[in-house]
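Visitor: Provided below are the primary sequence and the corresponding predicted coordinates.
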Amino acid sequence: MPGRRLKLAAQDLYALGANRGGIDERWFSSTTTAANAGAPPDEGLSYVVYNGARAFTLKEAIELDGERLIGPEIWKKYQRWPVYSKFFDNMGPIPHHLHQSNVQAALVGQQGKPESYYFPPQLNYTGNNFPFTFFGLEPGTTKADIRRCLERWNEGDNGILNLSRAYRLQPGTGWLVPPCMLHAPGSLVTYEPQWGSDVFAMYQSLVEGRPVPWELLVKDVPKEHYHDLDYLVDQLDWSGNLDPNFKDNHYLEPIAVAGGPEQGYVDKWVVYGKIAGEELFTAKELTVMPGAKVTVRDNGAYGLIAVQGSGWIGKHRLHTPAMIRFGQLTEDEVFVSFEAARNGIIFDNTGTEPLVTLRYFGPGTNPLAPNLGDYKKPRSPV
């Protein structure tokens, strides 16, 4: 059920047909195809606009000129833009689920999916039905407990949320979520930088009275394990899910790193931290005050979305729309190449309100980004 905060016109919420459900996500700078039943082959892919029209996909552009667009290191290692981000917007919660690890996903020819969350205040003027997210499992939960939940799949609510813990979601904060970690996202609009994969396994059998088919539990599981309950239980990262200090090890708050009131802008880290020792993606929130202009230099390519205000990014217009018709071209999303990011981009707020943008980066781009928990450390004002 779409949460109706993506600025998509009400008459277009079911533009793909009621049989496919409401539109509840918008993907940014994506070269990852969405793994949705009945989807066209380009669902999830971002397009490049040329002469005012959709010309070709970002995926095609990177395949032709990847080293220049995404940088030599990312191109050499991955031969693609291996991350993407999206807005996730639902009226209520979605099932307790996990995203497989690289090892698990490789068994079905896919890649694992770590992800992150940030809740933009500009889009969360209402929390909708359930602004809480369940994460992990209560310490003391056993494999036998989860196995019994799977055994009760067709009995209605299999009770898996009784074994988990919910956290109230706060606009302006976020979370870092590794693979194999159970989570049941709540109903805030979520900005989600993540790995370029769409694997998952749903472990909750009933959500708000709606049954979850077994097929969504085993979508990315080898066929010989479709009914192997022990295999399904072992997909969980047990030490991670049972972490008694889960919030300390996954919760994010913004960290300002540049600018300040006198400079007319502020740049903040909103997604940071390593997963299994690797920096896989990071994100920043830039706010430029009315009449201010700032040159921003970054270490590498990024995808950007404006969430408030209007102005310019380089020679391109930036405008945050109030309403979007399905298929309409907007002026709020930009992909910035490696070269351009390194040389510096001028952000110019020509509007009457703050210009606020979110930008996410690929793996290894920001080795000096903060670590988890650094928001607690005393900092000098910027």
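Guide: Yes, it's here.
Visitor: Can you get me a residue count around the closest residue to H99 other than its chain neighbours?
Guide: Excluding the flanking residues, the one nearest H99 by CB to CB, 6 or more residues apart in numbering is K113, at 3.8 Å. Glycine gets a C-beta too; all of them are placed from N, C-alpha and C. Per other CB atoms under 10 Å, the neighbour tally for K113 reads 23.
Visitor: Please look at K113 and A201 and confirm they touch.
Guide: No - using CB atoms under 8 Å, K113 is not in contact with A201; the gap is 10.9 Å.
Visitor: rewinding a little: secondary structure class of the residue nearest to H99, three-state.
Guide: Here K113 is recorded as coil under DSSP: H, G, I helix; E, B strand; the rest coil.
Visitor: what's near enough to touch it?
Guide: H99, Q100, A105, P179, Q194, W195, S197, D198, V199, F200 (CB atoms under 8 Å, 6 or more residues apart in numbering).
Visitor: go again using 7 Å as the cut-off
Guide: Contacts for K113 were tallied using CB atoms under 7 Å, 6 or more residues apart in numbering; they are H99, P179, Q194, W195, S197, V199.
Visitor: now do G38
Guide: R20.
Visitor: Repeat the analysis, applying 10 Å as the threshold.
Guide: Each residue near G38 by CB atoms under 10 Å, 6 or more residues apart in numbering is listed here: L16, G17, N19, R20, G21.
Visitor: Helix or strand for it, just tell me which one.
Guide: According to DSSP states H and E, G38 maps onto no helix or strand at all.
Visitor: For it, report the pLDDT, please.
Guide: For G38, the pLDDT comes out at 85.
Visitor: Can you select the buried ones among the contacts of G38 for me in PyMOL?
Guide: Burial among these is assessed by 16 or more other CB atoms under 10 Å; the matching PyMOL selection reads:
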select buried, resi 16
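Visitor: Kindly reformat the contacts of G38 as JSON lines containing distance to L64, secondary structure and pLDDT.
Guide: Listed next are the contacts of G38 as JSON lines, based on distance: CB to CB, whole Å; DSSP: H, G, I helix; E, B strand; the rest coil; pLDDT from 0 to 100:
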{"residue": "L16", "distance to L64": "29", "secondary structure": "coil", "pLDDT": "93"}
{"residue": "G17", "distance to L64": "33", "secondary structure": "coil", "pLDDT": "93"}
{"residue": "N19", "distance to L64": "36", "secondary structure": "helix", "pLDDT": "91"}
{"residue": "R20", "distance to L64": "32", "secondary structure": "helix", "pLDDT": "92"}
{"residue": "G21", "distance to L64": "34", "secondary structure": "coil", "pLDDT": "90"}
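Visitor: for the contacts of G38, which one is nearest Y47?
Guide: Nearest to Y47 out of the contacts of G38 is L16 (CB to CB; 16.7 Å).
Visitor: ok, the closest one to G92 distance?
Guide: 20 Å (CB to CB, to the nearest Å).
Visitor: do the same with L58
Guide: Taking CB to CB, one finds L58 at 32 Å from G92.
Visitor: which of those two has more neighbours?
Guide: L58 (21 against 15).
Visitor: which residues does Y84 contact?
Guide: By CB under 10 Å, 6+ apart, the contact set of Y84 is 27-32, 44-46, 58, 192-198, 281, 303, 360, 362.
Visitor: Regarding stretch 185-198, how distant is the last residue from the first?
Guide: 16 Å (CA to CA, to the nearest Å).
Visitor: centre of the chain versus it, how much separation?
Guide: Centre-to-centre, stretch 185-198 and its host chain are 3 Å apart (CA atoms, centre = their mean, to the nearest Å).
Visitor: Can we start the residue count at 16 from this point?
Guide: In the new numbering, first residue 16, that becomes stretch 200-213.
Visitor: I'd like the mean pLDDT over it, please.
Guide: Confidence over stretch 200-213, taken as the mean pLDDT, stands at 97.
Visitor: Done for today, thanks.
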